[in-house]
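Novice: Next one to model:
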Amino acid sequence: MTHSRLVQRTVMTALCTVLAATAVVSADTYIQDEVTGYDSKGKVEELVIEPSFVILSRDTLYHHETIEVLIESELYLDPDSVTMRVYNGEQSIPCLGGEKELPFQEQIRRNGRYRYRAVFLPPWNQPDGQYEIRLEYGGNRMVTGKPILFTMKRRVPPELHGLSVVDLEMNGSILTKNVTGPGGRKKGYLSLLDWAQYMGADALWILAGETTTFPERVASDTVRNAPWWDAGPLENLDLLKTRALDYGMDTGAYIMCFYVPGSRGVPSRYEPGIGYNVETDRLYRSRFISLGCEQRIQDIVELVRTFQNDPHIRYIGFDFIRTGRGDGYELAPLMVRETGIRTPTEWDRMSGPEQSRWLARKIEVEKDPIVLEKWRWWRARTAARIIERIISEAHVTKPVWVYTLGWDHGREHGQDPVMFFDAGVTIDAVMLYESDRFQFPRMLDQWKRYMKAGQGNILIGNCVDSRLLDSESLSPPQELYRRNTAGYEGILKGGVASGIFFHDLSRAVWGRKGGFFMLDFAVAHGSSVYHLLRESGGTDLVVDMTGGERSRYIVLKNNGMAEIKNVVIEAYTWEGGNTVPAAYDAPLFPVVVPKIPQFGSVRIEIRSETPVQKPLVFLVAIDGGKRYYVMDMK
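Specialist: Below is the predicted model:
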């Protein structure tokens, strides 16, 4: 097609399309230009456009952001022929979903000009650096007089090493709970702090904000001036935050953001997410609050602001920052706009439910690979932008953590650690549960192929649940230890995780332990934390064990500049699956080592006439304070 204002001269050779001397300009800047192009019939022509421009929405890009590319022209271009590619040097990079080129779509004319729009979504964890956008028309390059460049960046939080966290996820109040602590001492809810200290926790992370709709929920179960928050979690925070420092721990408070437990579904204060049932081809209201619910985001901001202003709280966290597996389709219009996917010609005339159903069918029924990948990416972007907004509006300066699902580095459920870090998150706590012993190594491999050391602080965690901690030969506590050590060693390329979290105290006290005791899981977790500290250089005391079943050696090495004093060693083993003192003939435990000089070592021989059951656990306490649990499963 040739526009009526087009000045046409036949070109004898099929040159590439040229947009001569075009600059990348802001939306309010206009320049004069010429372009050589193909019309819809493929005939080479020289087109004079006064003015024409290419507009980028930004020239610096983080992983949760997009670049909108606009071409404006007084001449009509066949929209099916206008595309763009992205290059790193001279190498064309595939766009999200494997697309080699991105199509432009014709937009509503403005000021008499034709407008064409494309959206670039950076692929998952795209490397940093400078990239160039090259435009094409009819498969031929539109050579610009000035390169169209943008830069990929990432935000990397300050590095953490050897962080040990115990969390408490409990909706009911702990005030009346009679908890037995280590050694059989009963101190009520304060025994929870005793257990966290026993495991060597640097921090206690507490569920503080949750909305539920259980039928038995009554007014007294909610916060008086904010009844959308359950009272129990906030009361638990108030009870523990002022005492945690006495136990040598910092406190973190976290919010269950968009999931609503309870049979009554999402309360009327909020807009529910919309799911899709493939079998019935019907939409339904899910138990997740919509990520687009402004009221929910504002309520979270207000609660986070109180955490930020509370001197007893050091960390602020977020859980369930995502949609459910099969919902979120109420956001179809926004997703389509922000990703630039092609829609039916009648899209703008479709109702909201019709648009939701169209997107759901593309994903759930047709399983369109490009639409599915962009849907996953867009949900992760949306979750990261919500966290970024909360941090900004609540003026958060404290370290922020998020819980993300372990499978496929969160991608399948619309979460991404890189996007979260770019949004201002300090720690990503990766939930390595909901996998059996065969799936677990595959989960780690997915992470290791995606993330490498230095890209952000990754904590790994496993759940105290005998059903999830399955093994052919190990007990659930032993399997917890195995998965923790395998997790922190294997989750990142070129390094180890920044720490381990224990999920959680309520499950360890009242949950499915498979006939085992809280002590068993506490020792397993504490042992894995010690091994992480050792691997990351977070402890000067290194404990090695050598020898056989009847004669073994414990070797204590001091790799520090200062003398280590008063080291006490106790020996335990598993008998019938439970932790009991190990019966050695010599020496008699506990063993006291008065001092270990700087860069020195001490070797202790232990003997037994009968084989001692494995695994062995040695509790090593330094000067009556810091405890390390060292598990030997060889």
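Novice: Please make it C-alpha for all contacts and neighbour counts, starting now.
Specialist: Fine.
Novice: Please name the nearest non-neighbouring residue to residue 230.
Specialist: Of all residues not flanking residue 230 in the chain, residue 222 sits nearest, at 4.3 Å (C-alpha to C-alpha, 6 or more residues apart in numbering).
Novice: Surely that neighbour is in contact with residue 235?
Specialist: No - assessed by C-alpha atoms under 8 Å, residue 222 is found out of contact with residue 235, at 10.3 Å.
Novice: Compare those two (neighbour count), which wins?
Specialist: Neighbour totals were compared for residue 222 and residue 235, and residue 222 leads with 20 against 17 (other C-alpha atoms under 10 Å).
Novice: what separates that one from residue 176, distance-wise?
Specialist: If you measure residue 222 against residue 176 using C-alpha to C-alpha, to the nearest Å, the figure is 17 Å.
Novice: and if you look at residue 287?
Specialist: Residue 287 sits 30 Å away from residue 176, going by C-alpha to C-alpha.
Novice: of the two, who's got more company?
Specialist: The neighbour count for residue 287 versus residue 176, taken as other C-alpha under 10 Å, is higher for residue 287 (24 against 9).
Novice: helix or strand right after the helix or strand harbouring the more buried one?
Specialist: Assessed by DSSP states H and E, residue 287 sits inside strand 282-289. For strand 282-289, the following helix or strand on the C-terminal side (DSSP H and E) is helix 294-308.
Novice: Next, the angle from that following helix to strand 282-289.
Specialist: If you take axes from the mean of the first three to the mean of the last three C-alpha atoms, to 10 degrees, helix 294-308 sits at 20 degrees to strand 282-289.
Novice: Let me see the mean pLDDT of the helix or strand just after helix 294-308.
Specialist: The first helix or strand that comes after helix 294-308 along the chain, using DSSP H and E, is strand 315-319. Averaged over strand 315-319, pLDDT sits at 98.
Novice: how deep is residue 345 tucked in, by neighbour count?
Specialist: As a burial measure, residue 345 scores 8 neighbours (other C-alpha under 10 Å).
Novice: Check whether it sits in a helix, strand or coil.
Specialist: The three-state label for residue 345, taken from DSSP: H, G, I helix; E, B strand; the rest coil, comes out as coil.
Novice: Please tell me how far it sits from residue 106.
Specialist: Residue 345 sits 11 Å away from residue 106, going by C-alpha to C-alpha.
Novice: likewise residue 398?
Specialist: Going from residue 398 to residue 106 by C-alpha to C-alpha gives 45 Å.
Novice: next one: residue 293
Specialist: Remark: distance between residue 293 and residue 106 (C-alpha to C-alpha) = 30 Å.
Novice: So for the two, which sits in the more crowded spot?
Specialist: More crowded of residue 293 and residue 106, by other C-alpha under 10 Å: residue 106, with 19 against 15.
Novice: Just the CA trace of the one helix or strand that one maps to, in PDB.
Specialist: Taking DSSP H and E as the criterion, residue 106 maps to strand 105-110. C-alpha atoms of strand 105-110 as PDB (Å, rounded to 0.1, in the frame of the first residue of the first chain):
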ATOM      1  CA  GLN A 105       0.800  -4.100  16.200                       C
ATOM      2  CA  GLU A 106      -1.000  -1.200  14.700                       C
ATOM      3  CA  GLN A 107      -2.300   1.300  17.200                       C
ATOM      4  CA  ILE A 108      -4.900   4.000  17.100                       C
ATOM      5  CA  ARG A 109      -3.700   7.000  15.100                       C
ATOM      6  CA  ARG A 110      -2.600  10.000  17.000                       C
END
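Novice: Angles on the backbone of residue 237, please.
Specialist: Backbone torsions of residue 237, given as degrees, to the nearest 10, read phi -60, psi -50.
Novice: Pretty sure it sits against residue 209.
Specialist: No - between residue 237 and residue 209 there is no contact under C-alpha under 8 Å: 9.5 Å.
Novice: Counting neighbours, what do you get for residue 472?
Specialist: Residue 472: 7 neighbours (other C-alpha under 10 Å).
Novice: ok, now residue 229?
Specialist: Using other C-alpha under 10 Å, residue 229 is surrounded by 22 other residues.
Novice: For it, which residues are in contact?
Specialist: Residues near residue 229 by C-alpha atoms under 8 Å, 6 or more residues apart in numbering: 209-211, 222-223.
Novice: tell me which element it is part of?
Specialist: Using DSSP H and E, residue 229 falls within strand 226-230.
Novice: now do residue 87
Specialist: Using DSSP H and E, residue 87 falls within strand 82-88.
Novice: Listing partners with orientation, what would you give for that strand?
Specialist: When sheet partners are counted by DSSP bridges, strand 82-88 sits next to strand 91-93 (antiparallel), strand 102-103 (antiparallel), strand 129-137 (antiparallel).
Novice: Show me which residues of it are buried.
Specialist: Using 16 or more other C-alpha atoms under 10 Å as the burial criterion, the residues of strand 82-88 that qualify are 82-87.
Novice: Let me know the closest of the residues you listed to residue 304.
Specialist: Here the nearest of the buried residues of strand 82-88 to residue 304, counting by C-alpha to C-alpha, is residue 86; it sits at 39.4 Å.
Novice: Assess the claim that that closest one and residue 69 are in contact.
Specialist: No - Residue 86 is not in contact with residue 69 according to C-alpha under 8 Å; the separation is 11.8 Å.
Novice: who touches both of those two?
Specialist: By C-alpha under 8 Å, 6+ apart, residue 86 and residue 69 have no common neighbours.
Novice: rewinding a little: measure how the strand holding residue 106 sits relative to strand 82-88, angle-wise.
Specialist: Using the same axes, to 10 degrees: strand 105-110 against strand 82-88 is 110 degrees.
Novice: Run through the neighbouring helices and strands of strand 105-110.
Specialist: Helices and strands touching strand 105-110, by 3 or more C-alpha pairs under 8 Å, 6 or more residues apart in numbering; DSSP states H and E, are strand 113-120.
Novice: Sheet-wise, list the partners of the strand it packs on with their directions.
Specialist: Here strand 113-120 is paired, per DSSP bridges, with strand 67-73 (antiparallel), strand 105-110 (antiparallel).
Novice: winner for burial among these?
Specialist: Mean neighbours per residue, mean count of other C-alpha atoms under 10 Å, is largest over the strands paired with strand 113-120 for strand 67-73, with a mean of 20.
Novice: contacting residues around that strand?
Specialist: Under the contact criterion C-alpha under 8 Å, 6+ apart, strand 67-73 has outside partners 49-59, 61, 113-121.
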